[in-house]
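Asks: Have a look; sequence and predicted model below, questions after that.
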Amino acid sequence: MDSVILEDQSLWDGLQFERLVLPLKDKVNLFHLLRDAGLKRIQVGSFVNPKILPQMADTDEFVAEVVATPDVLVTALVFDQRGLERAHGCGLEHVSMSVSVSNSHSQKNVRKSADEALATVVRLIGSATAMGIQVRAGVQCAFGCHYEGAINPGKVIRSLAQMAEAGAARLNLADTTGMANPQQVKAMVAALKTEISEAELSLHLCDTRGLGIANMVAGHEAGVRIFDTSAGGLGGCPFVRGAAGNVPTEDAVNLFESMGLDTGVNLERICKAVDYYEKLLGRRPPGRMSRVLKMQQRC
């Protein structure tokens, strides 16, 4: 059976701007629920100033506790040299980095222009590879910007090419604003594969305009086999008004498995993680399949 890989990012992207700061024990419990469901890639947090994001204040402890989990690629986001050193210090062997190709979004997100942010990440990739840390480098707003509109595909490809040249063996296209459509996804993936054929490519798709699943299918048809998801559909960029969150992990599992593709993820078990999030956060996440399963159980 053909297969796809899902990287769950609910413990970082899903929690980063929640008002409730989850205790470490709950994060660890969630990690193990995700692992037990069959997920092989889990992004657990970011190495950012805890004064900015108190939800990520325990990332060092969290990583140290779960980084040695067998058969799971544990990863986290880094923004600067200090964050990279922290990641290295707690034994992390893989990190993610990303920049926005939209000046407006980049200024709101990291208070740097897109070119300044790219130069910073290129240097950071070099530092990480020198430490023996694998890097996945991504481009935010790859398919459009809420503030600037259309984004030149050439700028996206040039940015990723610089990051690949610096040592990033894994590349990611992020539809941060949820503005992508299936035709656009296919065209961008095809162009990128032509220009940087040796890199592993993944997609981070948001469901702001209801096209997350459709864009996921388009990405798969274009040859992508790795997709970022978030249990329950939690998360989304706080600098994009109306952002509805990421593609739910459980909905992606249902999509691919119904297409005869193996995700390695058990749908009922991933929904247990969604139920745990619902209990902790005190609200129902936007993902659909958890609700579908509950309705079927009542029948």
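Replies: That came through, no problem. Numbering: from 1, shown residues only.
Asks: Need the mean per-residue confidence for stretch 232-249.
Replies: What stretch 232-249 shows for mean pLDDT is 76.
Asks: okay, how far is it across it, tip to tip?
Replies: 7 Å (C-alpha to C-alpha, to the nearest Å).
Asks: Partner strands of the strand or helix carrying Val139 and their direction?
Replies: Per DSSP states H and E: Val139 is located in strand 134-140. Applying DSSP bridges, strand 134-140 is found paired with strand 94-100 (parallel), strand 170-175 (parallel).
Asks: closest to Arg288 out of these?
Replies: Minimum separation from Arg288 across those (C-beta to C-beta) falls at strand 170-175, 19.2 Å. In this view, the C-beta of every residue, glycine as well, is placed from N, C-alpha and C.
Asks: can you pull the contacts of Arg35?
Replies: 42, 69, 72 (C-beta atoms under 8 Å, 6 or more residues apart in numbering).
Asks: What does the pLDDT read for the second one?
Replies: According to the model's per-residue confidence, Thr69 sits at a pLDDT of 97.
Asks: And the first one, by the same measure?
Replies: The predicted local distance difference test score for Ile42 is 98.
Asks: so it sits right up against Leu6, yeah?
Replies: No - the criterion here is C-beta atoms under 8 Å, and Ile42 misses it with Leu6 at 9.8 Å.
Asks: Looking at these two, which one has more neighbours?
Replies: More crowded of Ile42 and Leu6, by other C-beta atoms under 10 Å: Leu6, with 27 against 24.
Asks: does that one have beta-bridge partners, and which?
Replies: Phe227.
Asks: what residues are up against it?
Replies: Per C-beta under 8 Å, 6+ apart, neighbours of Leu6: 39, 41, 226-229, 249, 252-253, 263, 265.
Asks: can you pull out the helices in this structure?
Replies: For the chain, the helices defined by DSSP state H occupy 24-37, 59-66, 81-89, 103-110, 114-130, 153-166, 182-195, 212-221, 249-258, 267-281, 289-298.
Asks: And those helices: which comes nearest Leu173?
Replies: Per C-beta to C-beta, nearest to Leu173 of the helices of the chain: helix 182-195, 6.3 Å.
Asks: What is the distance between the closest one and the centre of its chain?
Replies: Relative to its chain's centre, helix 182-195 lies at 19 Å (C-alpha atoms, centre = their mean, to the nearest Å).
Asks: ok, now stretch 186-203?
Replies: Counting by C-alpha atoms, centre = their mean, stretch 186-203 comes out at 17 Å from the chain centroid.
Asks: Contacts only, for Glu61.
Replies: Leu24.
Asks: What does the pLDDT read for it?
Replies: pLDDT, Glu61: 98.
Asks: For Ile42, see how far away it is.
Replies: Distance, Glu61 to Ile42, using C-beta to C-beta, to the nearest Å: 16 Å.
Asks: go on, His220?
Replies: 21 Å.
Asks: got it, and Ala76?
Replies: Distance from Ala76 to Ile42, by C-beta to C-beta: 10 Å.
Asks: Low-confidence regions, this protein specifically.
Replies: 1, 237-244, 299 (pLDDT under 70).
Asks: mind listing what the most centrally placed residue in the chain touches?
Replies: Compute the mean C-alpha point of the chain, and by C-alpha atoms, centre = their mean the closest residue is Asp228, 4.5 Å away. Residues in contact with Asp228 (C-beta under 8 Å, 6+ apart) are 6-7, 9, 13, 43, 172, 174, 202-205, 246-247.
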